[in-house]
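In: below is the sequence, then the predicted model.
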Amino acid sequence: MSKFKKFLLYFTLMTVLIAGAVAAAAWYWTETPVRMAHDRIDYIIEAGSTPRTVARVLNEAGIQVHEDGFVLLARLTGNDVQIKAGAYEAMQGDTPRTLLERMASGDMVQTRLALIEGWTYQRIRQALRDSPHIRQTLDGVSDAELLERLGATAESPEGLFHPDTYVFVPGTTDFDILRRAYSAQMEILHEAWEQRDPDLPLQSPYEALILASIVEKETGHAPDRARVAGVFINRLRLNMPLQTDPTVIYGMGDAYEGRLRRVDLRTDTPWNTYTRGGLPPTPIASPGQAALKATLHPEDHKYLYFVSRGDGTSEFSKNLAAHNRAVNKYIRGRGN
């Protein structure tokens, strides 16, 4: 064998060995757990991030990866164009490959926010502000601007957001949550309106939403919902004032200190259903689906009054004399 052939063979062998060693080292690196500053580290990948940007985000968060190696791994596996924006969690034992695959598959961290039936719009906004996982974008945005962005025709945001538990990725904006809650409420409202009982004294889905918000606030015992709704429907049919305390409280705003006085019932506001007939101009809270259903399928009865028994249930009466006796018994404690 000539010297040249020997050299070529030797060179080829060395090249193969070196390539094999490099490949083995690369494989070892991709399968070796990364060093982390903590056992679990949350981080956020912004939209449009490149593999190099991602590597820098990881390192800044305390997840040590070799920047060039991570970029090369992403390109060789085709994951460089698959990385999805969102919030992720790295855990002890994660390798560069598992980190990359998690981001390519969009296996994001999720959290929850519960919006409760009967909450006012202001209480919902406070819950959004209190969540450390929600990005605040609505500070300084007026109610009118928010309604325009939502495409809502109502003049107030009150009642427009469906109370539910919302699962979302950390970094989601407050507007995104409200948009989801608004869409859900409108879908539920219009579906319920289409299936409503005939001949209700309600002229629009929005009026149904207003009354449902009152039913929501007046009902502490779920089985009473349809009966409470029936009382208000009966009063509307007879053009009787609704005379419901939660509307008065809503109209008082910050002036309410936890107890209604007679003067409060006589002080007129647009929401005072003692001084004004019919429905108030807006909902007074966010009603849940059950309250909407009860409002549009009220119990058929002759009751015109109800009073709390103090245990969450209500005593219903067909006339004022019976109602006064119930008030004496359950509110004033005078028995029958």
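Out: Cool, got the structure.
In: low-confidence ranges, this structure, go.
Out: Scanning the chain for pLDDT under 70 picks out 1-29, 333-336.
In: so the residue nearest to the spatial centre of it: helix, strand or coil?
Out: Centroid-nearest residue in the chain, with Cα atoms, centre = their mean: Tyr166, separated by 4.0 Å. Classification of Tyr166 using DSSP: H, G, I helix; E, B strand; the rest coil returns strand.
In: quick one: it and Ala181 touch, right?
Out: Yes. Between Tyr166 and Ala181 there is a contact under Cβ atoms under 8 Å: 6.9 Å. Yep, even glycine has a C-beta here, placed from its N, CA and C like the rest.
In: what do those two both touch?
Out: Leu115 (Cβ atoms under 8 Å, 6 or more residues apart in numbering).
In: and the residue nearest to the centre of the chain, how close does it get to Trp119?
Out: Relative to Trp119, Tyr166 is positioned 13 Å away (Cβ to Cβ, to the nearest Å).
In: also Glu207?
Out: Computed as Cβ to Cβ, the Glu207 to Trp119 distance reads 21 Å.
In: which parts of the chain are strands?
Out: For the chain, the strands defined by DSSP state E cover 35-36, 40-45, 63-64, 86-91, 111-114, 165-168, 305-308, 314-317.
In: each with direction, which strands does the first one pair with?
Out: Spelled out, it's strand 35-36. strand 63-64 (antiparallel) (DSSP bridges).
In: residues contacting the strand it pairs with, please?
Out: Outside strand 63-64, the residues touching it (Cβ under 8 Å, 6+ apart) are Val34, Arg35, Met36, Ala37, Ile41, Tyr43, Leu58, Ala90, Asp94, Leu99.
In: 10 Å instead, please
Out: With Cβ atoms under 10 Å, 6 or more residues apart in numbering as the test, strand 63-64 has contacts from 34-38, 41, 43, 55, 57-58, 88, 90, 94, 96, 99.
In: neighbours of the residue nearest to Gln243 when sequence neighbours are not counted, just the number please.
Out: Leaving out its chain neighbours, the residue that sits closest to Gln243 by Cβ to Cβ, 6 or more residues apart in numbering is Tyr274, at 5.2 Å. Tyr274 has 16 neighbours, counted by other Cβ atoms under 10 Å.
In: just Ile188 next, same as before
Out: 18.
In: from memory it sits against Gly159, does it?
Out: No. Between Ile188 and Gly159 there is no contact under Cβ atoms under 10 Å: 11.9 Å.
In: which neighbours do the two share?
Out: Common neighbours of Ile188 and Gly159 (Cβ under 10 Å, 6+ apart) are Leu209, Pro287.
In: separation between the residue nearest to Gln243 and Arg262?
Out: 10 Å.
In: same thing with Asp107?
Out: 60 Å.
In: which one of those two is surrounded by more residues?
Out: When neighbours are counted by other Cβ under 10 Å, Asp107 and Arg262 differ, and Asp107 comes out ahead with 13 against 7.
In: which residue is the nearest non-sequential neighbour of the more buried one?
Out: In space, Asp107 is closest to Tyr88, 7.5 Å off (Cβ to Cβ, 6+ apart).
In: tally of neighbours for Ala37?
Out: There are 9 residues near Ala37, going by other Cβ under 10 Å.
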